[in-house]
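In: quick one: sequence and predicted model below, then my questions.
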Amino acid sequence: MIEDKVGSAETRLQMILLKSQRPGKKLNRGRRMLVLLCFCLLVSAAAVLKTAAKEPSKAPNSAPSGSNSLNKNASKLRVSADQCLRLKNYQEAERLYKEACEAGDVRAATRLGAILEEGLSGKYDLDGAEKWYRLAARAGDPEAACRLAGILDYKQSQMAKDDGSKPLTSTESLKWLKFAADGGYLDAQRRLATLYSRGKPSPERQALSFKYRMMAAKQGDAKNNFKVGNYLINGIGCKKNAAAAVPFLKYAAETDPNACRLLASLYASGAPGLAQNQKEARLWQDRYRSLTKRNSQIDGEIIDSFNKKD
């Protein structure tokens, strides 16, 4: 297409030059020079376009050669490090995770930070852990963000020992904790829910506590299923709705006798929006007694195991 257009333009210019040489058809010198100049420019442009058409096109943001092999190598290093971690070969795991990070696998940074934070390879290094957590958190890892918030809170608490006016949670820590919780990390949701419920929380903080308890409950956290049920019954951070509380309490009642007792009370009294049902109330009361007895037996076995001599 380009060559056809260039060729037709060249033909037209040649016709103009031929006409300028016919008898009785004279062009002044300035016009002839202008036509010749246009012709020369057109020929140069055609040569450039023909050369460009022969060269292969390149994507403006294409990855540099070798980047795929680099990522594959980083992934292999991380897999090997994961295996070492499972085998409790912590020093080798630390070395491999570090190599994986340097090769471009930021997910390995979270595991490396955890090894340094917990001192698994023989040394505690909170500053080093913070460095790697920041790298992974900035790349979007919610677990790293939650762990980073924990380190920042710890450092803040150490400073608070010297100055009681300092808050135990910093603005940066809260930012990373929210990022992790909104990213679906369960532990961050639990921590935020508790944080917003401390002391005498304002209605805004109660609503935030309910929000994060609900997020944790939907992920199957039994404790927060029980808390959500309580919030709905009492209208803490939400509208009162005893009927809506029942599914959350039933989930928690699988392991929590207090949830069983609360359900028994709801059915016995017939809370607003929930029909009175004495038969259901007795069932949950029996479930409460059964779970309480079982938990007491488990507690007794644990105590006996502590006191047992080798």
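Out: Alright, I've got the coordinates.
In: any regions of the protein where pLDDT drops low?
Out: 1-70, 160-168, 304, 306, 308-310 (pLDDT under 70).
In: let's see 50
Out: 2-6, 13, 17-18, 22-25, 48-49, 52-67 (pLDDT under 50).
In: give me the domain ranges for it.
Out: Structural domains annotated on the chain: 115-159+169-183, 205-304, as defined by automatic domain parsing.
In: helices of the protein, residue ranges please.
Out: Ranges of helices in the chain, per DSSP state H, are 2-21, 29-54, 67-86, 90-102, 107-118, 126-138, 142-160, 171-182, 186-197, 203-218, 222-234, 242-252, 257-269, 278-307.
In: now the fifth one against helix 126-138, angle please.
Out: Meaning helix 107-118. 150 degrees (axes from the mean of the first three to the mean of the last three C-alpha atoms, to 10 degrees).
In: if you count neighbours, what's buried in helix 107-118?
Out: By 16 or more other C-beta atoms under 10 Å, the buried positions in helix 107-118 come out as 107, 108, 109, 110, 111, 112, 113, 114, 115, 116, 117. (Each C-beta comes from the backbone N, C-alpha and C, glycine too.)
In: which other helices and strands does it contact?
Out: The helices and strands touching helix 107-118, judged by 3 or more C-beta pairs under 8 Å, 6 or more residues apart in numbering; DSSP states H and E, are helix 67-86, helix 90-102, helix 126-138, helix 142-160.
In: export that helix to PDB, keeping only CA atoms.
Out: Provided in PDB are the C-alpha atoms of helix 107-118 (Å, rounded to 0.1, in the frame of the first residue of the first chain):
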ATOM      1  CA  ARG A 107       6.600 -14.100  47.200                       C
ATOM      2  CA  ALA A 108       9.700 -15.600  48.600                       C
ATOM      3  CA  ALA A 109      10.400 -12.400  50.500                       C
ATOM      4  CA  THR A 110       7.500 -13.100  52.900                       C
ATOM      5  CA  ARG A 111       8.900 -16.500  53.800                       C
ATOM      6  CA  LEU A 112      12.400 -15.100  54.200                       C
ATOM      7  CA  GLY A 113      11.000 -12.300  56.500                       C
ATOM      8  CA  ALA A 114       9.300 -14.900  58.600                       C
ATOM      9  CA  ILE A 115      12.500 -16.900  59.100                       C
ATOM     10  CA  LEU A 116      14.300 -13.800  60.200                       C
ATOM     11  CA  GLU A 117      11.500 -12.600  62.400                       C
ATOM     12  CA  GLU A 118      11.100 -15.900  64.200                       C
END
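In: let me have the buried residues of helix 107-118 in JSON lines, adding distance to residue 152 as columns.
Out: As requested, the buried residues of helix 107-118 are arranged in JSON lines below (distance: C-beta to C-beta, whole Å):
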{"residue": "107", "distance to residue 152": "21"}
{"residue": "108", "distance to residue 152": "22"}
{"residue": "109", "distance to residue 152": "17"}
{"residue": "110", "distance to residue 152": "16"}
{"residue": "111", "distance to residue 152": "19"}
{"residue": "112", "distance to residue 152": "18"}
{"residue": "113", "distance to residue 152": "13"}
{"residue": "114", "distance to residue 152": "16"}
{"residue": "115", "distance to residue 152": "19"}
{"residue": "116", "distance to residue 152": "15"}
{"residue": "117", "distance to residue 152": "12"}
